[in-house]
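Visitor: pasting the sequence and the predicted coordinates here, then a few questions.
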Amino acid sequence: QKEVEQDPGPLSVPEGAIVSLNCTYSNSAFQYFMWYRQYSRKGPELLMYTYSSGNKEDGRFTAQVDKSSKYISLFIRDSQPSDSATYLCAMSAGYSSASKIIFGSGTRLSIRP
Amino acid sequence: DGGITQSPKYLFRKEGQNVTLSCEQNLNHDAMYWYRQDPGQGLRLIYYSQIVNDFQKGDIAEGYSVSREKKESFPLTVTSAQKNPTAFYLCASSIVDRGSPLHFGNGTRLTVT
């Protein structure tokens, strides 16, 4: 079983819809959680960064962490065609500066105009 | 603008040849990383370095080598011993702190035939 599981999609939704992207994990020690957006043939770009449980909002994006269920989510409101990309979740225990960041395999998202 | 520069964007080599991928950063980050990205497998850590003249193996270091002679530079050599070298290679950097997120370059696509 992988430490971090992410549905690969593809996920296709109409423009303006609310998108929900999710990851589950098995290591209860994870406490730093990230979402990256990756456009085709580009490097991942940090979208959201959260520590421990709770919600964090940034514009149209909301990151949610539920440590009791070992489940994290990224919500995109008023989705735009420019949001079409692969979204990677990532997490780390952060025991030390050398703690590894573990990535999900990514969900491909397509927003239909 | 601060960032990470990877070059070249595309690289083609014949089997049996060593090849070196360049990574330069001007973010003043102490830590640098190399990841390999294959379809459906997420990001896998090859090597990382937290300080000049020191580096550690990641999960898939076999067939790769690195050097860290300058803070800004972390080149990766893909040797002829790497069995499946064709992949998308990503360089990243971060500050040395617990849970610090990674900042990525735009990758090098290596094709070996």
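Guide: Structure's in. What do you need? Remember, it's a predicted structure, so these values are computed and weren't measured experimentally. Residues are numbered from 1 along each chain as shown, chains lettered A, B, ... in the order given.

Visitor: quick one, phi psi at residue B:30?
Guide: phi -80, psi -30 (degrees, to the nearest 10).

Visitor: that one contacts residue B:74, doesn't it?
Guide: No - counting by CB atoms under 8 Å, residue B:30 stays clear of residue B:74, with 11.1 Å between them. C-beta here means a position set from N, CA and C on the backbone, and glycine is covered the same way.

Visitor: which one's more surrounded, these two?
Guide: Per other CB atoms under 10 Å in any protein chain shown, whichever of residue B:30 and residue B:74 has more neighbours is residue B:74, with 28 against 16.

Visitor: need the contact list for that one.
Guide: Counting by CB atoms under 8 Å, 6 or more residues apart in numbering or on different chains, residue B:74 makes contact with B:23, B:25, B:32-34, B:49, B:55, B:66-68, B:91, B:93.

Visitor: next: residue B:77.
Guide: Counting by CB under 8 Å, 6+ apart, residue B:77 makes contact with B:18-21, B:64-66.

Visitor: cool, and residue B:5?
Guide: B:22-25, B:105.

Visitor: redo that, cut-off 6 Å
Guide: For residue B:5, the contact set (CB atoms under 6 Å, 6 or more residues apart in numbering or on different chains) comprises residue B:24.

Visitor: and if you look at the one 10 residues further on?
Guide: Contact criterion CB under 6 Å, 6+ apart gives residue B:112 as the residues in contact with residue B:15.

Visitor: give me the three-state assignment for it.
Guide: coil (DSSP: H, G, I helix; E, B strand; the rest coil).
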